[in-house]
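> When you get a sec, could you give me coordinates for this:
(3 chains)
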Amino acid sequence: MNYFNVFLIGGAICVVGQILIDKTTLTSARILVIFVTAGVILSALGLYKPLVDFAGAGATVPLTGFGHSLAQGAIEAAKSSGVLGAFTGGTKAAAGGIAAAIFFGYLNAVLFNPKTKK
Amino acid sequence: MNSNIGQKEKQKEYQKYVQQKMPKSHIVTNCAKAFVGGGLICMLGQAISDFATNYYQLAKPDAASFTAIVLVFLGATLTGLGVYDDLGKFFGAGTIVPITGFANSIVSPAMEFKREGYVLGIGAKLFIIAGPVLVYGISSSILVGLISYMFVR
Amino acid sequence: MAFNRIGFSTLKYLNMPNITSGAAIVGPVEGKGPLGKYFDIVLDDDLWGEKSWEKAESKMFETAVKLTLEKANKKATDVQMLVGGDLLNQIISANFAARTLQIPFLGLFGACSTMAESLLVGSMIVDGGYADDVVCATCSHFSTAERQFRFPLELGSQKSPTAQRTVTGAGATLLSKTGNGPKIKYGTVGTVIDLGIKDAGNMGAAMAPAAVHTITAHLRDLNRTPDEYDLIVTGDLGALGSDIVRDLIKEQGITLGSNYTDCGCEIFSKEQDTHCGGSGCGCSASVLNTFILKRMREGVLKKVLFVATGALLSPTSSQQGESIPGVAHALTIECD
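Numbering: from 1, shown residues only, chains lettered A, B, ... in the order given. Prediction:
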């Protein structure tokens, strides 16, 4: 994978997020929701796959990529195992990230305490 | 009734005045920082993914999971160590939008509410930001799966 | 018609309650600010050896009250009433401190206007002869306010340029029937004003119209002009809010000169990167009870109009998209 493309697309997707932060009063929670949902929709319309082919992690690491893997998982599983697949496919494809987030999230919260900002 | 309309007008006028009086974000600098921060995190992700495919000979979906897990680990740990919020202050969306930011949004409320206990503190607050992301992400993926099952076959 | 009332909303304290002493405790960031050297205690660590920031905040309230009494050589049993509040839900910091202090207690909530509100009520109590000595106190804490009103501390989010930093601080004032300190002569009770600002990251703009309303009402009721005061000081409007006050009050034909300032602008320096400045009950409380009182005792300031402003929002109301009502209460503190 061409690392320049990774940097370019990854950076560009984050710039969209930054514009939302500066131009609206959206909180980061809403921005994350918008990005994951946008990823699902773009992926379903077949618009996200070319970006992944072009930029690899530049398109999969931002949260839109998380939406993309959810959508692709659901679509592929629906093809092979029907309605059941539509339900299990997305979560299966994204299971690694979700499980890691819960596990490491819990671990870190138990181990560390927040610090006051200076 | 008349004073109600007057009040609405007055409010509108005031809000317009505040809008133009307000100090503005330095949007160009902020975007540049977000671009660099986000780009670097994605490059790190690519390096992890390349390492997984070349060194561990992982297939593509497994390499993607591997990358996600490692990045989530990094994001969560940097949050625990109290570094991620400083990165976030500087890079803005550059550190919010990547999956490391998702990890940050899980660890930070869980840590914050530890005093409220391990079940209703950490356990419940883990999801105050990540919960909606999963709700909308997973639900929309199911819809997409169902639609593709019905129409695209 | 009440005999000790003037005009629309101003109270005249006939017996002029005396400010016997005042004390303030602040956190480390406030200690590094321009007023750092005036505060009685500057904490190195805002957890102050407690298990939670909420406990630390309550301890600050309690200690500020004790310090104020100490300065006047009094014990908790010598005062008949404690009046005050804070920012947290059900004002737990003040309530929990009152549990330890065991002084008969009236809890108030006026958001960041609580210091002025407490002094208004405290003065009424002393003036009306219901007590000889009353302590008024408030507090706020950056870390407790952040989690209640905003985001977890470790969340990597950016603050908007209009945001203000909640002051970690507690201030207490001892009001007495007699004494030779500065006197509280008039108080103006604020009206709740809402011009439809919804952004909880822009409290200065939400509260400014209330401050303008109270200041103009006060001046009109007493037929005074701003330059009769050595200092007109608002609570925590910050840089943007205090600018708006200057603008809006000009429309009423009143010009505020260099004798007008805001505690939120004074407590932090520009280099401290607090965006529009300080906020919180502790902001005006700590500045009034140390810096301003000291200046009055030195004779540098003789006539002060203290206007504390409060944004009356709750996490629930802001999540439900309600606009932010503001209130401002004013007091004149004068030396004979």
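> And chain B, is the lengthiest helix in chain A touching that?
Longest helix in chain A, counting residues (DSSP state H): helix A:63-111. Yes. Helix A:63-111 reaches chain B (CB under 8 Å from any CB of the partner chain) through A:63-67, A:69-71, A:73-75, A:77-79, A:82-83, A:85-87, A:89-91, A:93-102, A:104-111. All C-beta spots, glycine's among them, are computed from the backbone N, C-alpha and C.
> For PyMOL, what selects the buried ones among those?
Buried subset of the residues of helix A:63-111 next to chain B, written as a PyMOL selection, criterion 16 or more other CB atoms under 10 Å in any protein chain shown:
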select buried, chain A and resi 63+64+65+66+67+69+70+71+73+74+75+77+78+79+85+86+87+89+90+91+93+94+96+97+98+100+101+102+104+105+106+107+108+109
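> Surely residue A:113 is in contact with residue B:112?
No. At 9.1 Å, residue A:113 and residue B:112 do not qualify as touching, with contact defined as CB atoms under 8 Å.
> more neighbours, these two?
residue B:112 (24 against 14; other CB atoms under 10 Å in any protein chain shown).
> burial of the residue nearest to that one when sequence neighbours are not counted, as a residue count?
Distances taken as CB to CB, 6 or more residues apart in numbering or on different chains place residue C:152 nearest to residue B:112, at 3.8 Å, with adjacent residues excluded. Residues lying near residue C:152 (other CB under 10 Å) number 23.
> Surely residue C:152 forms part of a helix?
No. Assigned with DSSP: H, G, I helix; E, B strand; the rest coil, residue C:152 falls outside any helix and is coil.
> And the pLDDT for residue B:1?
pLDDT for residue B:1: 45.
> Is stretch B:92-100 in proximity to chain A?
Yes. Using CB under 8 Å from any CB, stretch B:92-100 reaches chain A at B:92-94, B:96-99.
> Just the C-alphas of that stretch, formatted as PDB.
C-alpha atoms of stretch B:92-100 as PDB (Å, rounded to 0.1, in the frame of the first residue of the first chain):
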ATOM      1  CA  GLY B  92      -8.900  17.700  17.300                       C
ATOM      2  CA  ALA B  93     -10.800  15.500  14.800                       C
ATOM      3  CA  GLY B  94      -7.500  14.000  13.800                       C
ATOM      4  CA  THR B  95      -7.600  12.000  17.000                       C
ATOM      5  CA  ILE B  96     -11.400  11.800  17.500                       C
ATOM      6  CA  VAL B  97     -12.400  10.200  14.100                       C
ATOM      7  CA  PRO B  98      -9.900   7.300  13.900                       C
ATOM      8  CA  ILE B  99     -10.800   4.100  15.800                       C
ATOM      9  CA  THR B 100      -8.300   5.200  18.600                       C
END
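> hey, where'd the helices end up in chain B?
B:2-21, B:27-55, B:60-80, B:84-91, B:93-96, B:99-112, B:124-125, B:130-147.
> swap in the stretch 201-336 of chain C?
Ranges of helices within the stretch 201-336 of chain C are C:203-222, C:238-251, C:263-266, C:281-286, C:293-297, C:315-319, based on DSSP state H, counting those that start in this stretch.
> Name the residues of the stretch 101-250 of chain C found near chain A, please.
Within the stretch 101-250 of chain C, the positions near chain A by CB under 8 Å from any CB are C:142-143, C:151-158, C:160, C:168, C:199, C:201.
> and the nearest residue to residue B:66 once chain neighbours are set aside, what is it in contact with?
Of all residues not flanking residue B:66 in the chain, residue B:52 sits nearest, at 4.3 Å (CB to CB, 6+ apart). For residue B:52, the contacting residues are B:58, B:62-63, B:66-67, by CB atoms under 8 Å, 6 or more residues apart in numbering or on different chains.
> What distance do you get for residue B:52 to chain C?
Residue B:52 is 26 Å from chain C, where distance means CB to the nearest CB, to the nearest Å.
> Let me know the secondary structure of the residue of chain C found nearest chain B.
Nearest residue of chain C to chain B (CB to the nearest CB) works out as residue C:156 at 2.0 Å. What three-state DSSP gives for residue C:156 is coil.
> try residue C:74
coil.
> What pLDDT does the model give it?
pLDDT, residue C:74: 96.
> quick one: it and residue C:174 touch, right?
Yes. Counting by CB under 8 Å, residue C:174 is a contact partner of residue C:74 at 7.2 Å.
> which residues are common contacts for those two?
Listed as contacting both residue C:74 and residue C:174 by CB under 8 Å, 6+ apart are residue C:133.
> Count the residues that sit near the residue of the stretch 151-300 of chain C found nearest chain A.
Using CB to the nearest CB, residue C:153 is the residue of the stretch 151-300 of chain C that sits closest to chain A, at 4.3 Å. By other CB under 10 Å, 21 other residues sit near residue C:153.
> That one and residue A:39: what is the separation?
Taking CB to CB, to the nearest Å as the criterion, residue C:153 is separated from residue A:39 by 29 Å.
> now swap in residue C:323 and tell me
As judged by CB to CB, residue C:323 and residue A:39 stand 34 Å apart.
> who has more neighbours, those two?
Ranked by neighbour count (other CB under 10 Å), residue C:323 and residue A:39 place residue A:39 first, with 27 against 17.
> where does the stretch 51-200 of chain C have low pLDDT?
Under the criterion pLDDT under 70, no range of the stretch 51-200 of chain C is flagged.
> could you pull out the strands for it?
With DSSP state E, counting those that start in this stretch, the ranges of strands along the stretch 51-200 of chain C come out as C:81-86, C:105-107, C:133-140, C:165-166, C:169-176, C:183-188.
> So for residue C:10, what's the pLDDT?
Looking at residue C:10, its pLDDT is 97.
> Spatially nearest residue to it, not counting backbone neighbours?
residue C:221 (3.8 Å).
> tally of neighbours for residue C:199?
Here the number of neighbours of residue C:199 (other CB under 10 Å) works out to 18.
> So it sits against residue C:162, correct?
Yes. In this structure, residue C:199 is within contact of residue C:162 by CB under 8 Å, at 7.3 Å.
> Find the residues that touch each one of the two.
Common contacts of residue C:199 and residue C:162 (CB under 8 Å, 6+ apart): residue C:205.
> tell me the contacts of the nearest residue to residue C:62 once chain neighbours are set aside?
Once flanking residues are discounted, residue C:62 sits nearest to residue C:97: 4.0 Å by CB to CB, 6+ apart. Residues in contact with residue C:97 (CB under 8 Å, 6+ apart) are C:58-59, C:61-62, C:65, C:137.
> Please apply the same query to residue A:9.
Counting by CB under 8 Å, 6+ apart, residue A:9 makes contact with A:51, A:54-55, A:58-59, B:42.
> what about the longest helix of chain A, near chain C?
No. Judged by CB under 8 Å from any CB, helix A:63-111 makes no contact with chain C; its nearest approach is 9.5 Å.
> Name the residue of chain B that lies nearest to chain C.
Per CB to the nearest CB, residue B:88 is where chain B lies closest to chain C, at 2.0 Å.
> And that residue, how far from residue A:57?
As judged by CB to CB, residue B:88 and residue A:57 stand 20 Å apart.
> Would you mind telling me which of the two has more residues around it?
Relative neighbour count places residue A:57 above the other of residue B:88 and residue A:57, with 30 against 25, counting by other CB under 10 Å.
> The closest residue to residue B:41 other than its chain neighbours: what's it in contact with?
Sequence neighbours aside, residue B:98 is the residue nearest to residue B:41 in space, at 4.4 Å (criterion: CB to CB, 6+ apart). By CB under 8 Å, 6+ apart, residue B:98 lies in contact with A:10, A:14, A:61-63, B:38, B:41-42, B:45, B:71, B:75.
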